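**Student:** Please work out how this folds:
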Amino acid sequence: MITISIDQQLKETAPNLVLGVVSAPVEVTKNSPPLWVEINKRIKEIESEITMASLYNVPQIKALRDAYKALGKDPGRYRGSQEALVRRILQGKGLYKINTIVDINNLVSLETLHSVGAYNVDNIKSPMIFRVGKPGESYKGIGKEVINIAELPLFADDAGPFGSPTSDSERAMITMDAKNIMIVIISFTGQDHLRGQLQRTANLLCDYAGAPRDKIETAIVE
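**Tutor:** As a prediction, the model looks like this:
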């Protein structure tokens, strides 16, 4: 597993921040109908449990927004990815079908209500750090224009930043030829339920992405 650490400045700003990490070799496929049965079930639950009026009271979303504000980033302009997913559902737009890893990533995010990132490990160098974006830093987001990542929490390695709770870069994105992946649950609310969420993620990778159970690694980074 790639070595990951959290920068002290970010930890001081968000003292409850922890990362839940799952690494595994996988077989990426375009679509899994049984997986989408699970996703659609969760979509219906969200539609019945959350409204636009209550969205910002969801603890996981509120904690991320508060961290962004403390770092000087506008959470209304730079939304956490989990907030963006829930908003799409509440707006009746549904979710895109990308590939099994990205779809699993989105399901984990909808179940945990944390921002979750999926990365192609073969395009990342160890060690990596979760830190605050520096002035002038930016990258091209997946399906987006260039994103100003200054003051955002972000993942970086020796080659530079590649992911954030708002939007990831194209460098480490999951494509059909990805063989080794890492899914990171970004929790600004501490470790509550995190071990169970990591196990659930591992089970999804086994069931829908061909991950051998004995090759899956999990870790919690504080």
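**Student:** Please enumerate residues in contact with the one helix or strand Gln199 maps to?
**Tutor:** Using DSSP states H and E, Gln199 falls within helix 194-209. Contact with helix 194-209 is made by 18, 20-22, 24, 26-29, 32, 34-35, 100-101, 103-104, 107-108, 111-112, 114, 183, 185, 187, 211-213, 216, 218, 220, as judged by CB atoms under 8 Å, 6 or more residues apart in numbering. Every residue, glycine included, has its C-beta placed from N, CA and C.
**Student:** With just CA atoms, put that helix into CSV.
**Tutor:** Once non-C-alpha atoms are left out, helix 194-209 reads as follows in CSV (Å, rounded to 0.1, in the frame of the first residue of the first chain):
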residue,chain,number,x,y,z
LEU,A,194,-15.0,3.9,9.4
ARG,A,195,-13.8,0.3,9.9
GLY,A,196,-17.2,-1.0,8.9
GLN,A,197,-17.2,1.3,5.9
LEU,A,198,-13.8,0.0,4.8
GLN,A,199,-15.0,-3.6,5.1
ARG,A,200,-18.1,-2.7,3.0
THR,A,201,-15.8,-1.1,0.4
ALA,A,202,-13.7,-4.2,0.3
ASN,A,203,-16.8,-6.4,-0.1
LEU,A,204,-18.0,-4.3,-3.0
LEU,A,205,-14.6,-4.6,-4.7
CYS,A,206,-14.7,-8.4,-4.3
ASP,A,207,-18.3,-8.7,-5.5
TYR,A,208,-18.2,-6.3,-8.5
ALA,A,209,-14.6,-5.7,-9.5
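**Student:** The helix or strand that comes right after that helix packs against which elements?
**Tutor:** Downstream of helix 194-209, the next assigned helix or strand under DSSP H and E is strand 217-221. With contacts taken as 3 or more CB pairs under 8 Å, 6 or more residues apart in numbering; DSSP states H and E, strand 217-221 sits against strand 4-6, strand 18-25, helix 194-209.
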